[in-house]
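**Student:** sequence and predicted structure below; questions after.
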Amino acid sequence: MKLRPGVAFLVDCPALLAMEIIASKWSMVTLFALTDGPLRHGELVELSGGISRKVLTQTLRRLQANGLVERHAYAEAPPRVEYALTDLGRTLEEPIRMLTAWARENGEAVVTFREAAEAARIIEADKTTPVKPRHVDENPGRF
């Protein structure tokens, strides 16, 4: 298929839907964390390394709304809630593993490129910034 403008990704294209769902870094991290089985909220916070409880709750709700994660509340005291991938969510395991492998293999190259681009941007900005002449005090003894 030859790609033409407006054909590759139409507004109602399933590929755009998929990208929207997994575009959030926390969605990917949460889905990846659940690949080994059900986890509680606190366990997901620990595994995710930096996500706040509020953002995790929002992420889990979004993943539930898209049918990728299920919430199971146990009738216990104290209450226990676990989250797990649904059958649909499990279909993302392999693509997530592939992206993770790509990141491990290429992450350093991306960081190196970003750092070089930022250094080049700073050098270019310094070249275009005019140097202000220093004010020469006519009376050098004064401060």
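**Tutor:** Arrived safely. Numbering: from 1, shown residues only.
**Student:** count of neighbours near the residue nearest to Arg80 when sequence neighbours are not counted?
**Tutor:** Distance criterion C-beta to C-beta, 6 or more residues apart in numbering; nearest residue to Arg80, sequence neighbours excluded, is Tyr74 at 4.4 Å. In short, each C-beta sits where N, CA and C put it, glycine included. A count of neighbours around Tyr74, defined by other C-beta atoms under 10 Å, yields 10.
**Student:** Gly89 too?
**Tutor:** 21.
**Student:** my read is it is in a strand, agree?
**Tutor:** No. The assignment for Gly89 (DSSP: H, G, I helix; E, B strand; the rest coil) gives helix, which keeps it out of a strand.
**Student:** chain neighbours aside, what residue packs nearest to it?
**Tutor:** Nearest to Gly89 is Leu68, by C-beta to C-beta, 6+ apart, at 3.7 Å.
**Student:** now the one you found: phi and psi?
**Tutor:** Main-chain torsions, Leu68, degrees, to the nearest 10: phi -100, psi -30.
**Student:** what residues are up against the residue nearest to Arg80?
**Tutor:** Each residue near Tyr74 by C-beta atoms under 8 Å, 6 or more residues apart in numbering is listed here: Arg80, Val81, Glu82.
**Student:** show me what counts as buried in stretch 35-52.
**Tutor:** Neighbour counts over stretch 35-52 (16 or more other C-beta atoms under 10 Å) mark Leu39, His41, Leu44, Val45, Ser48, Ile51 as buried.
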